[in-house]
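Chemist: Return a 3D structure for these sequence lines:
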Amino acid sequence: MNMAGTILAYFIPIGFLLVAWGGLPPNRARAAASTGLMVAGLAMVAYMACGFAFQFGGLGFAVALPGYESLRGVYAPLDASGGAGGLVGLRGFFLDGSAASPEVATLFLHHLPLVITAAMIPALALAGRLHNLALGLVALFVAGVIYPLAGHWVSLGGWLSSLGVQAQLGHGVVDLAGAGPVYALGGLMTLVGLVLFGPGPRVAPEESPDLPPAHFPLLAVAGAALYGLGWMAWVSSNPLYGSDSTLNLSLAMVNGLAAAMMATLVSQAYSWFATSQADPLMAARGWVAGWIIVSAGAPFIPTWTALVLGALAGIWVPLGLFMIERGLRRDDSTAALTMCGLIGLLAVLMPGVLADGNWGAGWNGVGSGEYLAVVGQGVTGMLVPPGFMADPGQLTAQLIELAAIVVLALLSAGILFGILRVARSGSR
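Modeler: Numbers count the residues shown, from 1 in each chain. Predicted coordinates:
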């Protein structure tokens with residue numbers, strides 16, 4: 001158990017909060033700061049109460065590691081044995097009873113930073129547009145139900161991760177660090193919220209002392225640095241994969257750092273070209289987008305592709321902000337939609353395109369000895385080096401994940417924000 005890495009992983013939501021907060025005007029920044037703390041607390045309560053059980057309640061069927069034997073309850077209508085193809089877990093509510101082993105508690109602590117981040121993405125973007133009570137409901141809903149469902153699907157034993165075994169689609173869905181369940185899901189929910197609740201704050205801001213605007217970019221840069229450290233700590237301390245010799249976690253961290261560096265450079269080049277000066281806030285946003293774009297397939301792609309992906313993320317951040325604010329006429333001041341929405345969706349697809357087959361043999365129970373008649377071939381996309389076979393099935397699996405995340409995000413956000421909009425209209 002790498003408890004130091006698990007603790008440092010909490011830099012992920014802290015860093016994201018600072019980066020998102022750094023772009024807000026002073027009147028909204030004050031509200032967003034308190035919103036972030038509220039969301040973190042409510043997300044922990046909801047995830048402890050039911051979210052963890054929904055996500056990992058069937059883990060005991062999927063792994064043979066000690067300590068998870070109590071997590072053997074799952075709703076899997078397509079698998080009579082209950083060992084794969086799960087839709088939702090059913091054990092571990094409140095981490096109580098036989099589920100309270102050290103391993104289960106560690107797994108809870110390890111995934112909580114991603115849960116908090118998933119809840120923060122739409123909540124921070126809508127701070128100032130919705131009442132704090134409504135934002136609290138958003139946090140509870142995301143952390144207790146929506147993220148855990150998506151997380152279960154892509155985790156060991158979930159129906160998306162089982163596509164390799166049950167439908168012979170590659171190694172099943174590959175999503176190491178939450179590209180779909182955290183970033184794409186949160187970004188798409190933000191999109192629905194921004195569309196339904198208009199381009200600006202719902203009410204006039206209260207009079208309050210202005211915060212010094214010059215401090216915001218510095219805090220955003222500090223937040224970006226913390227986010228990167230948290231990302232690496234989370235990947236290196238994953239209790240389910242830390243001892244997996246077929247998974248190159250060091251390569252994952254190198255690729256994440258390479259993508260973040262390239263995204264920062266490209267976003268700064270764009271800023272310099274457009275405004276004749278570097279922009280620290282844009283640098284911070286590009287840095288975070290670089291980590292996000294490799295979050296699904298970082299251990300499986302070659303480093304040169306991480307540089308390419310980082311450049312893609314770096315150019316999208318300023319262009320995406322321009323398109324959202326001028327095209328959709330929505331205020332994405334936190335850049336939650338820009339950094340997380342499309343970047344997260346692209347990240348989901350990358351293992352199906354760029355994974356080179358060198359790592360991940362046996363991932364999700366597929367090809368532990370050989371795969372596609374090649375001994376030792378691991379997770380493989382469409383662009384592979386000599387000696388490996390391209391795998392269209394992996395790309396198909398990633399496309400299915402993308403479609404599932406889009407449907408879940410739009411449907412759940414439409415219902416939740418639709419109810420909140422009707423309630424707000426009725427209270428006027």
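
Chemist: Next, the buried residues of the strand or helix carrying residue 233.
Modeler: Assignment of secondary structure by DSSP states H and E places residue 233 within helix 215-236. Across helix 215-236, burial judged by 16 or more other CB atoms under 10 Å covers 216-217, 219-236. The C-beta positions use only the backbone N, C-alpha and C, and glycine is treated the same way.

Chemist: Remind me what that helix packs against, helices and strands.
Modeler: Secondary-structure packing of helix 215-236 (3 or more CB pairs under 8 Å, 6 or more residues apart in numbering; DSSP states H and E): helix 3-8, helix 11-22, helix 102-126, helix 249-275, helix 280-293.

Chemist: nearest to residue 345, of those helices?
Modeler: Closest to residue 345 of the helices and strands packed on helix 215-236, according to CB to CB: helix 280-293, at 10.0 Å.

Chemist: ok, now which ones touch residue 186?
Modeler: Contact analysis of residue 186 by CB atoms under 8 Å, 6 or more residues apart in numbering lists 117, 118, 119, 120, 121, 122, 142, 336, 340, 344.

Chemist: which secondary structure element contains it?
Modeler: helix 185-196.

Chemist: in which helix or strand would I find the residue lying closest to residue 140 once chain neighbours are set aside?
Modeler: Closest residue to residue 140 apart from its sequence neighbours, by CB to CB, 6 or more residues apart in numbering: residue 46 at 4.6 Å. Applying DSSP H and E as the criterion places residue 46 in helix 26-46.

Chemist: which residues touch the residue most central in space within the chain?
Modeler: Nearest residue to the geometric centre of the chain (CA atoms, centre = their mean): residue 182, 2.6 Å. Residue 182 sits next to 114, 117, 118, 121, 147, 295, 340, 344 when contact means CB under 8 Å, 6+ apart.

Chemist: and the residue nearest to it when sequence neighbours are not counted, how many neighbours?
Modeler: Using CB to CB, 6+ apart and skipping the chain neighbours, the partner closest in space to residue 182 is residue 118 (4.6 Å). Residue 118 has 30 neighbours, counted by other CB atoms under 10 Å.

Chemist: Residue 19 and residue 50: what is the separation?
Modeler: Residue 19 sits 29 Å away from residue 50, going by CB to CB, to the nearest Å.

Chemist: next one: residue 123
Modeler: Distance, residue 123 to residue 50, using CB to CB: 19 Å.

Chemist: Mind checking which of the two has more residues around it?
Modeler: Applying other CB under 10 Å to residue 123 and residue 50 shows that residue 123 carries more neighbours, namely 33 against 20.

Chemist: pLDDT score for the more buried one?
Modeler: For residue 123, the model assigns a pLDDT of 95.

Chemist: Residue 213 too?
Modeler: Predicted confidence (pLDDT) for residue 213: 44.

Chemist: Ok, residue 202 next?
Modeler: On the pLDDT scale, residue 202 is placed at 40.

Chemist: Return the angle between stretch directions for the helix holding residue 46 and helix 215-236.
Modeler: 20 degrees (axes from the mean of the first three to the mean of the last three CA atoms, to 10 degrees).

Chemist: I'd like the next helix or strand past helix 26-46.
Modeler: Using DSSP H and E, the helix or strand that follows helix 26-46 in sequence is helix 52-56.

Chemist: returning to what we had before: among the contacts of residue 186, which one has the lowest pLDDT?
Modeler: residue 336 (91).

Chemist: Quick check: closest non-adjacent residue to that one.
Modeler: Closest to residue 336 by CB to CB, 6+ apart is residue 125, at 4.2 Å.

Chemist: swap in residue 350?
Modeler: residue 297 (4.7 Å).

Chemist: Next: residue 237.
Modeler: In this structure, residue 237 finds its nearest non-sequential neighbour in residue 5, 2.8 Å apart by CB to CB, 6+ apart.

Chemist: repeat for residue 8
Modeler: residue 233 (3.6 Å).

Chemist: list the contacts for the one you found?
Modeler: Contact analysis of residue 233 by CB under 8 Å, 6+ apart lists 4, 5, 6, 7, 8, 9, 11.
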